[in-house]
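Engineer: please work out how this folds:
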Amino acid sequence: MDRGSSGNDKTGVEELIHKAYECLKDGDADSAMGFLKDALKLDYEHEEVRYALKCLNWWCEKIKPPDALKNPSLKGGYILSQWESYFAFLERIGKTRGETGDSCQKAIKRFVFVVAMNHFLVLLADGSSQNDALLLFQAGRCCKGAGEKEKALNYLEQASRLKKDDSAILSELADVNALLGDERAAKVLFREAFFLDPQQVDLKSMESEMIHKLRDRVRELGYNGNEVAEWIPVWGCIWGVFSVRRELKPVELGRLKQSIFSLENEYRSDSGADREVSAFSKPRLLNQYFWLMDHYEHNRGADTVKFMEETMMKIKCVDTVIHDQYRDRGVL
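Structural biologist: Numbering: from 1, shown residues only. Predicted coordinates for the structure are as follows:
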């Protein structure tokens, strides 16, 4: 992008910042850096300009993959792997006041995903990698982050067809559906993803308001760290967020009952040897009880009422508060 005479004194700092962010959204770091440096000349103490330069400089140092990485997929993966280090960097430098930090981070995020996306799309362009679920997933995730939601939906749906029970793929697919306004599909897919493996759902990469609100409400209850993802499906069901359900196939019902049996034994014989696994067994057991209750609801009959009552008693034994909250939803 041609900077022209944008650096003269007649051009406001805010306009230069806006131009820099637009360049970042197009993946043009060099022009963005130029606009920010011009803005700094006009106002050396401008908080947002200094903050944006720090963030962009960090990525410019990290964004170039090592020379040893020749494959475009590895290059894209390397870029995405830098996010955790970047979050730690942000913690060290702190945030700017007001919404300026949010505007900067949105542009930075778009920039990073555009650059990574281009690496993955190189391999998909000739059609020879259409059966690579991981590549399709990475491309879809990057397209979402780059604002290309329809493309993201296409790639993630392809990835999901290749790996049907992958929580990471399903959660990204759910997120894109939510962003595109298909709330019903999003709720079904989110619930499925959290049922299969909550720890594979990358909450930091989720963009939909639905999951942000649910995550924040769960945190307000006192849960933190990795356990937040474990409790999201439990409270999401109780609060009616995951209100769209599906019937289980016979083979799925068999696996669910077997899994419940294993979790019940694990929960009862908790030795505390692995505190994290121990902390996970309770919400996972409750969530699976909820799925079993859904099955009985879909197949209500004289015999199923008894099974529902037995399952409710099991829920009560695990957690009376959860039992009361769930019961008050009118399940029985």
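Engineer: end to end, how far does stretch 191-201 reach?
Structural biologist: Its start and end residues considered, stretch 191-201 measures 11 Å (Cα to Cα, to the nearest Å).
Engineer: neighbouring contacts of that stretch?
Structural biologist: The contact list for stretch 191-201 (Cβ atoms under 8 Å, 6 or more residues apart in numbering) reads 165-168, 170-171, 174, 226, 229-230, 232-233, 236-237, 242, 244-245, 280, 283-284, 287-288, 291. The way it works is simple: take the backbone N, C-alpha and C, and place the C-beta from them, glycine included.
Engineer: quick one, phi/psi of residue 225?
Structural biologist: Note on residue 225: backbone dihedrals following degrees, to the nearest 10 are phi 60, psi -140.
Engineer: also the one 3 residues further on?
Structural biologist: The main-chain torsion angles of residue 228 are listed as degrees, to the nearest 10 and equal phi -60, psi -50.
Engineer: for ChimeraX, what selects the buried ones among the contacts of stretch 191-201?
Structural biologist: ChimeraX command restricting the contacts of stretch 191-201 to the buried ones, with burial defined by 16 or more other Cβ atoms under 10 Å:
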select :166,167,168,170,171,174,229,230,232,233,236,237,242,245,280,283,284,287,288,291
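Engineer: so which of the contacts of stretch 191-201 sit within helices?
Structural biologist: For the contacts of stretch 191-201, the ones inside helices are 167-168, 170-171, 174, 229-230, 232-233, 236-237, 280, 283-284, 287-288, 291, with DSSP state H as the criterion.
Engineer: only alpha carbons, please: show the lowest-mean-pLDDT helix or strand in the chain as CSV.
Structural biologist: Here the helix or strand of the chain ranked lowest by mean pLDDT, DSSP states H and E is helix 275-298, holding a mean of 87. Coordinates of each C-alpha in helix 275-298 appear next as CSV, following Å, rounded to 0.1, in the frame of the first residue of the first chain:
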residue,chain,number,x,y,z
ARG,A,275,-5.7,-33.7,41.0
GLU,A,276,-6.5,-32.4,37.5
VAL,A,277,-8.0,-35.7,36.3
SER,A,278,-9.9,-35.9,39.6
ALA,A,279,-11.3,-32.4,39.1
PHE,A,280,-12.4,-33.3,35.6
SER,A,281,-14.2,-36.5,36.6
LYS,A,282,-17.1,-34.8,38.4
PRO,A,283,-18.2,-32.3,35.6
ARG,A,284,-17.7,-35.0,33.0
LEU,A,285,-19.8,-37.5,34.9
LEU,A,286,-22.6,-34.9,35.4
ASN,A,287,-22.5,-33.9,31.7
GLN,A,288,-22.8,-37.6,30.7
TYR,A,289,-25.8,-38.0,33.1
PHE,A,290,-27.4,-35.1,31.3
TRP,A,291,-26.9,-36.8,27.9
LEU,A,292,-28.4,-40.0,29.3
MET,A,293,-31.4,-38.0,30.6
ASP,A,294,-31.8,-36.5,27.1
HIS,A,295,-32.0,-40.0,25.7
TYR,A,296,-34.7,-41.0,28.2
GLU,A,297,-36.6,-37.8,27.3
HIS,A,298,-36.6,-38.7,23.6
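Engineer: quick one: buried residues of the next helix or strand after it?
Structural biologist: Note on helix 275-298: by DSSP states H and E, the next helix or strand toward the C-terminus is helix 302-318. Using 16+ other Cβ under 10 Å as the burial criterion, the residues of helix 302-318 that qualify are 308, 311, 312, 314, 315, 318.
Engineer: now stretch 133-145
Structural biologist: 133-145.
Engineer: taking the centroid of this protein, which residue is nearest it?
Structural biologist: Note on the chain: the residue nearest the mean C-alpha position is residue 206, at 3.0 Å, using Cα atoms, centre = their mean.
Engineer: do you know the pLDDT at residue 246?
Structural biologist: Looking at residue 246, its pLDDT is 86.
Engineer: just residue 166 next, same as before
Structural biologist: What the model reports for residue 166 is a pLDDT of 97.
Engineer: what's around the closest residue to residue 167 other than its chain neighbours, how many residues?
Structural biologist: Counting by Cβ to Cβ, 6 or more residues apart in numbering, residue 200 is the residue found nearest to residue 167 once chain neighbours are left out, at 3.7 Å. The tally of other residues near residue 200 (other Cβ atoms under 10 Å) stands at 15.
Engineer: quick one: low-confidence ranges for this protein?
Structural biologist: Scanning the chain with the threshold set as pLDDT under 70 gives 1-11, 95-100, 270-278, 330-332.
Engineer: how is it partitioned into domains?
Structural biologist: In terms of domains, the chain is parsed into 1-120, 126-246, 250-327 (source: automatic domain parsing).
Engineer: which residues does the least confident helix or strand of the chain contact?
Structural biologist: Applying Cβ under 8 Å, 6+ apart, the set of residues contacting helix 275-298 is 194-195, 198-199, 226-227, 230-231, 233-234, 237, 245, 247-248, 253, 256-257, 259-260, 263-264, 266-267, 270, 272, 304, 307-308, 311-312, 314-315, 318-319, 322, 326, 331.
Engineer: change it to 7 Å
Structural biologist: 195, 226-227, 230-231, 233-234, 237, 245, 247-248, 253, 256, 259-260, 263-264, 266-267, 270, 272, 304, 307-308, 311, 314-315, 318-319, 322, 331 (Cβ atoms under 7 Å, 6 or more residues apart in numbering).
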